[in-house]
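# Predicted model follows, preceded by the sequence.
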Amino acid sequence: MSSSQIDPDQLPPTAAGEIVRIGPDDRPTAIARLLGATPSRAEPAGADRFLAFAAANDVPLEDLWARVDGSGRILDCVLAVPNPGRTAVLFASPPATRESDDHLAAVIDRATGALVDRDVHLAQVLLEPHDRRRRRAFLAGGFTTLAQLSYLERALPPPRPTGAIDLPSGVTVRSYDEAADHADLVAILEASYEDTLDCPGLRGLRQTDDILTGHRETGEFDPALWSIARDESGPAGALLLNRAPASQTIELVYIGLAPRLRGCGIGRGLLRHGLHLVDERPERAVTLAVDERNEPALALYRREGFRRVLRRTALIRSLRSPGFSTEDHQDP
């Protein structure tokens with residue numbers, strides 16, 4: 001379902017309730033429902049910590065939607081949180097009953113469709129693999145399955161020394177210069193998406209500048225932790241690391257190579273370069289997420305001491321207009 005098919009202001013009330021945007025007064029009850037309280041026992045007290053966290057971290061709550069019955073009781077709830085880079089992450093309450101799956105899907109559709117007015121191009125959700133009912137609701141609400149993701153972690157300091165950085169002759173790696181290297185990094189990202197094994201379903205859904213903005217705003221950006229690889233033909237690889245203070249970790253936000261550099265050990269050398277940058281830092285671990293279909297990357301990470309700590313199912317829904325092009329789209 002494309003965004004052109006959605007008119008969130010004209011969706012009729014459902015037979016079992018009306019879909020409404022939740023205002024400030026009702027947010028505690030809605031958040032309690034979002035966190036798993038049942039409709040008959042959605043006590044606001046359970047949402048206090050969430051609301052305090054949202055206030056402290058500037059998490060917007062304007063895109064909080066719910067299905068309510070005739071007495072105003074909240075039945076199903078969805079929160080959409082817009083992020084830099086024209087994306088948004090959605091969270092949904094567990095369906096109250098099996099019969100309410102379709103009703104939750106309607107709230108998901110309404111909340112997602114409303115994001116068009118926020119200039120969001122891509123909506124995303126992460127679910128636990130066994131959460132089949134919420135997954136069915138998101139699929140019915142217009143989402144598609146992107147990938148099964150493995151979240152990997154490598155302790156700091158590492159359990160064993162990071163191996164030597166071994167790069168072929170003519171390949172160099174240096175820190176990112178934000179003023180001088182922006183265009184090169186955009187070109188590297190675009191080249192790295194060609195025949196990628198890591199979430200290939202994302203290709204073409206957003207402008208590369210928006211993707212780069214999203215990478216930059218993940219955690220805390222430090223250009224000294226971003227690296228660019230070059231060969232005789234020019235820039236051809238990148239490794240982006242950001243601090244994540246809330247979890248006391250370093251996140252590997254992205255690593256990618258142009259096709260001409262693949263298969264000759266440069267990915268391993270680039271990864272080891274990044275690990276050398278952070279091995280002596282005070283954070284507790286390096287973390288990353290990888291598409292489980294990307295077997296070469298998984299094998300590399302295992303060899304370098306990463307271990308899986310959890311899995312998630314990623315689903316997405318594109319909200320771009322039918323005429324959108326990643327080549328000719330211009331920022332407003």
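Perfect, thanks for sending it. Residues are numbered from 1 along each chain as shown.

# ranges for the helices of the stretch 201-332 of the chain?
208-216, 266-278, 295-303 (DSSP state H, counting those that start in this stretch).

# and Q148, which of the ones you listed is closest to it?
When those are compared by Cβ to Cβ, helix 295-303 sits nearest Q148, at 11.5 Å. C-betas here are computed from N, CA, C, even on glycine.

# and the angle for the closest one with helix 266-278?
Counting by axes from the mean of the first three to the mean of the last three Cα atoms, to 10 degrees, helix 295-303 lies at 40 degrees to helix 266-278.

# Point out the most buried one among the helices of the stretch 201-332 of the chain.
Ranked by mean neighbour count, the helices of the stretch 201-332 of the chain are led by helix 266-278 with a mean of 20 (mean count of other Cβ atoms under 10 Å).

# avg pLDDT for that helix?
Taken as a whole, helix 266-278 has an average pLDDT of 96.

# sorry, back to before: tabulate the helices of the stretch 201-332 of the chain in JSON lines, adding columns for distance to I22.
As requested, the helices of the stretch 201-332 of the chain are exported to JSON lines (distance: least, Cβ to Cβ, whole Å):
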{"stretch": "helix 208-216", "distance to I22": "27"}
{"stretch": "helix 266-278", "distance to I22": "41"}
{"stretch": "helix 295-303", "distance to I22": "40"}
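
# Which one, of those helices, ends up nearest to A236?
A236 lies closest, by Cβ to Cβ, to one member of the helices of the stretch 201-332 of the chain: helix 266-278, at 8.3 Å.

# who wins for proximity to A289 among the helices of the stretch 201-332 of the chain?
Closest to A289 of the helices of the stretch 201-332 of the chain, according to Cβ to Cβ: helix 295-303, at 10.7 Å.

# about what we covered before: quick one, which of the helices of the stretch 201-332 of the chain is nearest to A54?
Nearest of the helices of the stretch 201-332 of the chain to A54, taken as Cβ to Cβ: helix 208-216 at 20.1 Å.

# V253: which of the helices of the stretch 201-332 of the chain is closest?
Of all the helices of the stretch 201-332 of the chain, it is helix 208-216 that lies closest to V253, at 4.9 Å by Cβ to Cβ.

# distance of the residue positioned nearest the centre of the chain from S247?
The chain has Q124 as the residue nearest its centroid, 6.5 Å off, counting by Cα atoms, centre = their mean. From Q124 across to S247, the span is 19 Å (Cβ to Cβ, to the nearest Å).

# Double-check that the residue nearest to the centre of the chain belongs to a helix.
No: read with DSSP: H, G, I helix; E, B strand; the rest coil, Q124 is strand and lies in no helix.

# can you count the residues close to the residue nearest to L225 when sequence neighbours are not counted?
In space, and not counting its chain neighbours, L225 is closest to L241: 4.0 Å by Cβ to Cβ, 6 or more residues apart in numbering. Here the number of neighbours of L241 (other Cβ atoms under 10 Å) works out to 24.

# partner residues bridging L241?
Per DSSP bridges, the residues bridged to L241 are L252.

# pretty sure it is touching Y254, no?
No: here L241 lies out of contact with Y254, judged by Cβ atoms under 8 Å, at a distance of 9.1 Å.

# The host helix or strand of A183 versus helix 208-216: what angle between them?
Assessed by DSSP states H and E, A183 sits inside helix 178-192. Interaxial angle, helix 178-192 versus helix 208-216 (the same axes, to 10 degrees): 110 degrees.
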